[in-house]
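Novice: sharing a model that was predicted from the sequence below.
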Amino acid sequence: MCRGACAEVDSDTEAVAGKGFKLGCISCKKRSEVDGSATVDWYFRGRGETEFVHIYNYDDEGSIKSDHFEDRLDWSGSKRNKDIQDASIYLTNVTFNDSGTYRCFLNRLLTYDYYEYKTLISKEVHLTVVAKATRGTASIVSEVMMYVSIIGLQVWLLIEMIYCYRKISAAGEEALREAANAEYLAIASESKDNCAGVQVGD
């Protein structure tokens, strides 16, 4: 029986107005062999506001709790499994009023042989909504480094080709010189033998 690995990855924090956005909330169990179940609650506090508002609940199925997010939130986490580790939700048609702090609460119940243990995990996403997607510094640096690596590799290959060509060319010239010398020595030796033969005949 195969089990998928779980990795706690932080949510993105920048959304584009009019697009969709995934609010990430992942909490991995420390021991996968322990049976568990969980319910999820999401809360939202807009910029300039002081109170959090309950916006979403998931317990076997999702339920939107705020009119501001009516028909715009959908479950994007673990499916067909009560042992929830991915509690992410998906927000459609993002607006500038969606900027703010989102808080995810994952209420987990772990079932052991002789007792049950309850845990409450909380994660926050500080969302900023922009009109147009911006490229982060890390992305720009990565692209620059990629081009530098490609150019450096091409230069290195060119140097290697020139070196190999010169080495092969030098070896070829040396072989030609050796062949010419061998041929010259053979001719000289043959001429010497012929001269010796003529002297003997006389």
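Specialist: Happy to help now that I have it. Numbering: from 1, shown residues only.
Novice: how is the protein divided into domains?
Specialist: For the chain, automatic domain parsing gives the domain ranges 14-133, 135-195.
Novice: just how off-centre is the first one within its chain?
Specialist: Once both centres are worked out by C-alpha atoms, centre = their mean, to the nearest Å, domain 14-133 turns out to sit 24 Å from its chain's centre.
Novice: that domain - what's its average pLDDT?
Specialist: Domain 14-133 shows a mean pLDDT of 92.
Novice: now do it: distance from first to last residue.
Specialist: End-to-end distance for domain 14-133, by C-alpha to C-alpha, to the nearest Å: 8 Å.
Novice: which stretches of the protein form strands?
Specialist: Using DSSP state E, the strands found in the chain span residues 14-16, 21-23, 35-46, 53-58, 62-64, 73-75, 89-91, 100-111, 116-130.
Novice: the fourth one vs strand 100-111, what angle?
Specialist: Interaxial angle of strand 53-58 relative to strand 100-111 (axes from the mean of the first three to the mean of the last three C-alpha atoms, to 10 degrees): 40 degrees.
Novice: partner strands of strand 53-58, parallel or antiparallel?
Specialist: The pairing partners recorded for strand 53-58 under DSSP bridges are strand 35-46 (antiparallel), strand 62-64 (antiparallel).
Novice: contacts for the shortest one?
Specialist: Think strand 62-64. Applying C-beta atoms under 8 Å, 6 or more residues apart in numbering, the set of residues contacting strand 62-64 from outside is 55-57, 70-75, 89. To be clear about C-beta, it is placed using only N, CA and C from the backbone, and glycine gets the same treatment.
Novice: tell me the buried residues in that strand?
Specialist: Applying a neighbour-count criterion of 16 or more other C-beta atoms under 10 Å, one finds 62, 64 buried in strand 62-64.
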